[in-house]
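> Here is a sequence together with a model predicted from it:
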Amino acid sequence: MEKKPELPKESFLRGIIVWLFLGILLFMVIKTASIVSENRKNLNYSDFIEEVENGNVSGTLLIKRGYVYGSLKDGTKFQTYSGEDPELLSILRENKVSFKVEPASDLWAGLFINLLPVLLIVAFFLFLINKQATSESNRVFSFTRSRPTMPDSRNRITFADVAGSKEAKEELKEIIEFLKDPKRFQRLGGKIPKGVLLIGPPGTGKTLLAKAVAGEAGVPFLGMSGSDFVEMFVGVGAARVRDLFRQAKRLAPSIVFIDEIDAVGRQRFAGLGGGHDEREQTLNQLLVEMDGLVSDQGIIVMAATNRPDVLDPALTRPGRFDRTVVVSLPDIKEREAILRVHTRNKPLAPSVDLSVIARGTPGLSGADLANIANEAALLAARKNKNQIDMEDFEAAKDKVLMGVERKSLVISEEEKKIIAYHEAGHTLVQLSLPELHPVHKVTIIPHGRALGITHILPEKDKFIESDTYFRNTLASLLAGRVTEKIVFGKMFTGSENDLKMATEIARKMVCEWGMSEKLGPVSFREHEAVFLGRDLIQQRTLSEQTNREIDNEIKSILEQAAQVAEQIIMKNRDKLDLLVKQLLEHETLTSEQIHKILGGNGEQESGEQSGN
């Protein structure tokens, strides 16, 4: 039911005028050419009389406006000016010359005919100049017009194209029913939500869900990004909001979708800037337009964001965005369904098991899974295969999770040995402590920015973790650095990322999760991201002593984790050396190879990973 844009009447009229002008111009050129092609000879009047008396004139003469046109017997065409000679006709009769006299046409008519081409050319150029001026004027005012995207109705998206997100689809089905049959809800006094806010991590399919709602309901879909409203001119954003809702009302019932609404809907602040900036004017107009919607208009406003915490409370209150739908990361079954959607047009080998791929991709969004399916197809095509097999999917998964292999990077044998001990330390500690996820793969081949990677793969999705898990995770993260110090007696720069991750986890344990025995179950939320000027005036409630205690506790937790890692490394030094030997020989070890090397120790398989 998408309405295709019609050809503007002005453009149609301009096309007719241009073609008409070109036709007349072509006619005048042909006529002029035909006149020139006659190539008549100018005769003196006395010579003409002589030719008549000598009988050298053939055919019929044409006498018009004082001119005589005719042909000689030798075929020469001529013309001569006779003026008002009263004896001309008598001479022609005496010499028996056939002639024809045409009455003189109206002077003004002749003048008009002669000037018509010139007038047409002048009119045409005036028309072009006027259109140019009008287009320049329209270009200025076109800044105030919204340009929403309207998907092609022939490629309509439905819920069949959206795998997973079961709860979100259930919430949105009510919106579809309202758009199809609004009276069903109104007869009991119910009011459909004016706005639906989709929140969730990037790549989970929020925009796709909004398009699917429009596709299922069969109504026009007007989509814009939050950043499309604001331009360099003042007032443009508010004008575009008005124009967007004007279009929606004209196409009602319809869906207005604003992607990344946090770009225009951020919380207003009456300090820095005084609240008069362009973004706030746009937000104010959006609030007014959503207030002006009535339920029987059939307009649903949908928006998506991954930062609901920064939205203005006036925007998210009931009456504007009445309903909030959470679009979370897919679980293992949803990941398998998403992979089926993205591989339905790809030839898969019998060896491909999508459930295994789904189990090996925890924490990945729908966009990540689509990327894996596409990378697998590209890898298979690069190898001239007719089908995509499991090897291609494994390589694509490693490429997405760990980065592109950099085999061309030249690393010395000494550095390669340091990297091998670093990754072997991670692997050994990860497999030795309880509650940790299994090691899926360890490699000393550089991937992306990492020189080596220990890839951890959870066996199942987990939503809560214990303090034991985090303390053991810290030991695993610090194991690479501890191993370097034990084996080489030095510390290297390869532990930078490990230290950042470990420090962040320890800080959250102390400040957010209350996992510090010394400080107790207290939340110290002092390290949130600063939002505009709002956080600049917030009162800081922590004293210097408390901050010092927090820092000391974080340091203590990290030191304890390092001690745990050191004990495991010292106790299993022989296994560490054996693991390093195999790593230097094969460069990459799988879970099965690691367990075989370590004698069956460790029993497990996570998207977490530690990079050297």
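Arrived safely, thanks for sending.
> ok, Ser374 - contacts?
Wrong residue type there; residue 374 is Asn, not Ser. His342 (CB atoms under 8 Å, 6 or more residues apart in numbering). Just so you know, the C-beta spots here come from the backbone N, C-alpha and C atoms, and that holds for glycine as well.
> Tell me which stretches of the stretch 351-500 of the chain form helices.
Using DSSP state H, counting those that start in this stretch, the helices of the stretch 351-500 of the chain run over 354-359, 366-382, 390-402, 413-432, 467-488, 496-511.
> Could you provide these in a markdown table, with additional columns for distance to Asn552?
Output for those, formatted as a markdown table (distance: least, CB to CB, whole Å):
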| stretch | distance to Asn552 |
| --- | --- |
| helix 354-359 | 41 |
| helix 366-382 | 39 |
| helix 390-402 | 36 |
| helix 413-432 | 25 |
| helix 467-488 | 16 |
| helix 496-511 | 10 |
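> quick one: which of those is nearest Asp74?
Nearest to Asp74, of all the helices of the stretch 351-500 of the chain, is helix 366-382, at 81.5 Å by CB to CB.
> picking that back up, which one of the helices of the stretch 351-500 of the chain lies nearest to Ser46?
The nearest among those, by CB to CB, is helix 366-382 at 92.6 Å.
> how far out from the middle of the chain is the closest one?
In terms of CA atoms, centre = their mean, to the nearest Å, the centre of helix 366-382 is found 19 Å from the chain centre.
> which stretches of the stretch 401-550 of the chain have low pLDDT?
The model of the stretch 401-550 of the chain has pLDDT under 70 over residues 525-541.
> what pairs with the closest residue to Thr590 other than its chain neighbours across the strands?
Using CB to CB, 6 or more residues apart in numbering and skipping residues adjacent in sequence, the residue nearest Thr590 is Lys441, 5.6 Å away. Lys441 forms beta bridges with His455, Thr590, as assigned by DSSP bridges.
> let's number from 52 now, not from 1
Yes, from this point I'll number from 52; that puts the last item at Lys492.
> Please give me every residue in contact with Lys492.
Asp449, Ile504, His506, Thr639, Leu640, Thr641, Ser642.
> give me that answer again for 7 Å
His506, Thr639, Thr641, Ser642 (CB atoms under 7 Å, 6 or more residues apart in numbering).
> What distance do you get for the second one to Ile645?
Taking CB to CB, to the nearest Å as the criterion, Thr639 is separated from Ile645 by 11 Å.
> Tell me which of the two has more neighbours.
Ile645 (25 against 16; other CB atoms under 10 Å).
> which strands and helices sit next to the strand or helix carrying the more buried one?
Taking DSSP states H and E as the definition, Ile645 sits inside helix 642-648. Under the contact criterion of 3 or more CB pairs under 7 Å, 6 or more residues apart in numbering; DSSP states H and E, helix 642-648 touches strand 490-494, helix 624-637.
> what angle do the last one and helix 518-539 make?
The directions of helix 624-637 and helix 518-539 differ by 80 degrees, with axes from the mean of the first three to the mean of the last three CA atoms, to 10 degrees as the criterion.
> Just the CA atoms of helix 624-637, as CSV, please.
Extracted in CSV, the C-alpha atoms of helix 624-637 (Å, rounded to 0.1, in the frame of the first residue of the first chain):
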residue,chain,number,x,y,z
ARG,A,624,54.7,-25.7,35.1
ASP,A,625,55.3,-29.0,33.2
LYS,A,626,51.9,-28.8,31.5
LEU,A,627,52.5,-25.1,30.7
ASP,A,628,55.8,-26.0,28.9
LEU,A,629,54.0,-28.8,27.0
LEU,A,630,51.2,-26.5,25.9
VAL,A,631,53.7,-23.9,24.8
LYS,A,632,55.7,-26.5,22.8
GLN,A,633,52.5,-27.5,20.9
LEU,A,634,51.5,-23.9,20.3
LEU,A,635,54.9,-23.0,18.8
GLU,A,636,54.6,-26.1,16.5
HIS,A,637,50.9,-25.8,15.4
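> in that helix, what's buried?
Buried residues in helix 624-637, defined by neighbour count with 16 or more other CB atoms under 10 Å: Lys626, Leu627, Leu630, Val631, Gln633, Leu634, Leu635.
> Pick out whichever of these sits closest to Leu390.
For these, the nearest to Leu390 is Leu634 (31.2 Å; CB to CB).
> what about the nearest residue to that closest one once chain neighbours are set aside, neighbour count?
Leaving aside its chain neighbours, Leu634 sits nearest to Ala471 (4.4 Å; criterion: CB to CB, 6+ apart). Neighbour count of Ala471, defined by other CB under 10 Å: 23.
> in the helix holding Ile645, what's buried?
Quick answer for helix 642-648 (16+ other CB under 10 Å): Ser642, Gln644, Ile645, His646, Ile648.
> before we move on, what about stretch 547-566?
Buried, per 16+ other CB under 10 Å, within stretch 547-566: Asn548, Asp549, Met552, Ala553, Thr554, Ile556, Ala557, Arg558, Met560, Val561, Cys562, Met566.
> For it, which outside residues touch it?
Contacts of stretch 547-566 (CB under 7 Å, 6+ apart): 518, 521, 524-525, 528-529, 531-532, 567, 570-578, 601, 604-605, 608-609, 661-662.
> same thing but 6 Å
With contact meaning CB atoms under 6 Å, 6 or more residues apart in numbering, stretch 547-566 is reached by 518, 521, 525, 528-529, 531, 567, 572, 574-575, 601, 604-605, 608-609, 661-662.
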